[in-house]
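Colleague: Need a 3D model of the following:
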Amino acid sequence: MEKVDLEFSLQPVPKGHRNGFWKILAVMLGFTFFSASMWSGGTLGNGLSFTSFIWIVLTGNLILGIYTGALAYIAAKTGLSTHLLTRYAFGEKGSYLSSLLLGITQVGWFGVGVAMFAVPVQKATGLNVYLLIFISGILMTITAIYGIKALAILGVVAVPSIAILGSYSVLEATEKAGGFQGLMEYQPLEAMGVATALTICIGSFISGGTLTPDFARFAKTPRSGVVSTVIAFFLGNSLMFLFGAVGAIVYGKSDISDVMFLQGLIIPAIIVLGLNIWTTNENALYASSLGFANITKISKKKIVIFNGLVGTVAAMWLYNNFVEFLTLLGSILPSIGAIILADYFLLNRGKYKKFEAMKFKNVNWIAIIAWIIGVAAANLIPGIPPINGLIGTAVVYIILMKLVSKRVNNEQLQELKGELMNDY
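Modeller: The predicted model follows:
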């Protein structure tokens, strides 16, 4: 009897295997409860007045929520992962490039995340750092093997734990700062510009947000997929920024677990740090396995084990050498999401032909060219790079696709005229 792939790595998720709103919300909140968002929040906290910080975070995460919510809608409507959706715009083999970049980036961040847990815990407890890396990496890999069900269960446990313990710590820090009034009176030594602040806020998680379809495809309805995603990126991510900002203002530390260590809350700090990284790492490993499954057609579970082992073994090396490279790599990923959105909503009017009935091109070079130009726009045009990249990619893709479509139609018309003349 043939085994059924319950993660549906290479096909749409059937309606009978979809999850309700609360499970999807738990998964998406677990995804957005990310230490890097706290670091970004700390950077904003040090460069903005508290009032400006609130407006920047709400605006930036609203933009993130709209971007990821639109991707969630497509995923819930089609039941397809990011990697399978890219086949429509990039072609079957063209999608391998985006899957490779997404997969490598997520495996890299998994390794960095394992070390991000092990290093502070080693400093607090004196345990061997490599033992901590081995144990945490193996545990995170094991849970990722069980796919979306494990992501939902872990989210249900982790999200309230992080929110409650983190909020308690922030209240303690706020009291030390002179209460809420003290925070509102805070002024940075060097003010940060609005464009820079929005770039940090949006750019901190837009690359991860591009993988939203990998999880939202399990939503029972497009509405539940969109609402759960927008809540996670608008409210959940904003909470992480708030934790980071308050910690940076009061203690000079952006990560809530570092703040808790300073407050003497060692056990809660380890719990929050572990759960925070575990939820994000499990999502990263899950998403990377879908990307490599799209390329290799190997079972997702086997790829999860392989990727988890690679990330665990290379954790310290990645942590010490590759954070900047992974950040750079991540900056080229949002253009993939821009092409998916433009292709689905504008060129195909919100309706894709069924995946099973599609005969995909090998490579759509227009999508590759638009992607490259979009990345260049993000890095070279003044303004807010993530927004420039999204808009630039979408505009170039639509224009080039329209021009090619018009040329093809003209050529077909000329051929038809020639055939009619010959017949005459």
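Colleague: give the contact list for the spatially closest residue to Glu190 that is not a sequence neighbour.
Modeller: Closest residue to Glu190 apart from its sequence neighbours, by Cβ to Cβ, 6 or more residues apart in numbering: Gly47 at 6.6 Å. Just so you know, the C-beta spots here come from the backbone N, C-alpha and C atoms, and that holds for glycine as well. In this structure, Gly47 makes contact with Pro188, Glu190, Ala191, Met192, Thr196, Ala197, judged by Cβ atoms under 8 Å, 6 or more residues apart in numbering.
Colleague: now, which of those residues sits nearest Leu101?
Modeller: Compare each of those with Leu101 using Cβ to Cβ and the shortest gap goes to Thr196, at 26.0 Å.
Colleague: centre of the chain versus stretch 265-276, how much separation?
Modeller: With Cα atoms, centre = their mean, to the nearest Å as the basis, the distance from the averaged C-alpha position of stretch 265-276 to the chain average is 23 Å.
Colleague: just stretch 305-325 next, same as before
Modeller: Counting by Cα atoms, centre = their mean, stretch 305-325 is centred 18 Å from the centre of its parent chain.
Colleague: Then stretch 61-73?
Modeller: With Cα atoms, centre = their mean as the basis, the mean position of stretch 61-73 lies at 11 Å from the chain mean.
Colleague: Also stretch 134-145?
Modeller: Worked out by Cα atoms, centre = their mean, stretch 134-145 lies 20 Å from the chain centre.
Colleague: buried set for that stretch?
Modeller: Of the residues in stretch 134-145, those buried under the neighbour-count criterion (16 or more other Cβ atoms under 10 Å) are Phe134, Ser136, Gly137, Leu139, Met140, Thr141, Thr143, Ala144, Ile145.
Colleague: Please apply the same query to stretch 308-324.
Modeller: In terms of neighbour count (16+ other Cβ under 10 Å), stretch 308-324 has its buried residues at Gly308, Val310, Gly311, Thr312, Ala314, Ala315, Met316, Leu318, Tyr319, Phe322, Val323.
Colleague: Kindly report the same for stretch 325-338.
Modeller: With burial defined by 16+ other Cβ under 10 Å, the residues of stretch 325-338 counted as buried are Leu326, Thr327, Leu329, Gly330, Ser331, Ile332, Leu333, Pro334, Ser335, Ile336, Gly337, Ala338.
Colleague: Remind me what the helix or strand where the last one lies packs against, helices and strands.
Modeller: Using DSSP states H and E, the element containing Ala338 is helix 334-341. Packing contacts for helix 334-341, counted by 3 or more Cβ pairs under 8 Å, 6 or more residues apart in numbering; DSSP states H and E, involve helix 50-78, helix 82-90, helix 206-209, helix 365-380, helix 385-423.
Colleague: Buried subset of the contacts of Gly47, written for ChimeraX?
Modeller: The buried subset of these, as determined by 16+ other Cβ under 10 Å, is captured in ChimeraX by this line:
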select :188,192,197
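Colleague: and which of the contacts of Gly47 is nearest to Phe241?
Modeller: Of all the contacts of Gly47, the one sitting nearest Phe241 is Ala197; the distance, using Cβ to Cβ, is 10.8 Å.
Colleague: which residues sit in contact with that closest one?
Modeller: Leu44, Gly47, Leu48, Ser52, Ile56, Gly60.
Colleague: Take these and write them to JSON lines, including distance to Lys23 and pLDDT.
Modeller: Written out in JSON lines, the entries for the contacts of Ala197 read as follows (distance: Cβ to Cβ, whole Å; pLDDT from 0 to 100):
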{"residue": "Leu44", "distance to Lys23": "32", "pLDDT": "91"}
{"residue": "Gly47", "distance to Lys23": "37", "pLDDT": "91"}
{"residue": "Leu48", "distance to Lys23": "36", "pLDDT": "91"}
{"residue": "Ser52", "distance to Lys23": "36", "pLDDT": "93"}
{"residue": "Ile56", "distance to Lys23": "31", "pLDDT": "95"}
{"residue": "Gly60", "distance to Lys23": "27", "pLDDT": "94"}
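Colleague: Most widely separated two among the residues you listed?
Modeller: Within those, two members stand farthest from each other by Cβ to Cβ: Gly47 and Gly60, at 13.6 Å.
Colleague: related to what we said a few turns ago, most neighbours out of the contacts of Ala197, which is it?
Modeller: For the contacts of Ala197, counting by other Cβ atoms under 10 Å, the largest number of neighbours falls to Gly60: 29 neighbours.
Colleague: so the closest residue to it other than its chain neighbours, which of the three states?
Modeller: In space, Gly60 comes closest to Cys201 once its chain neighbours are excluded; the distance is 3.0 Å by Cβ to Cβ, 6+ apart. For Cys201, the secondary-structure state derived from DSSP: H, G, I helix; E, B strand; the rest coil is helix.
Colleague: let's number from 32 now, not from 1
Modeller: All set: I'll call the first residue 32, so the last point we hit is now Cys232.
Colleague: So for stretch 149-160, what gets flagged as buried?
Modeller: Neighbour counts over stretch 149-160 (16+ other Cβ under 10 Å) mark Ala149, Val150, Pro151, Val152, Gln153, Val160 as buried.
Colleague: For the host helix or strand of the third one, give the mean pLDDT please.
Modeller: It refers to Pro151. Taking DSSP H and E as the criterion, Pro151 maps to helix 125-156. Taken as a whole, helix 125-156 carries a mean pLDDT of 90.
Colleague: Can you give the distance from that helix to the centre of its chain?
Modeller: The gap between where helix 125-156 is centred and where its chain is centred comes out at 13 Å by Cα atoms, centre = their mean.
Colleague: likewise stretch 192-199?
Modeller: On the basis of Cα atoms, centre = their mean, stretch 192-199 is displaced by 22 Å from the centre of the chain it belongs to.
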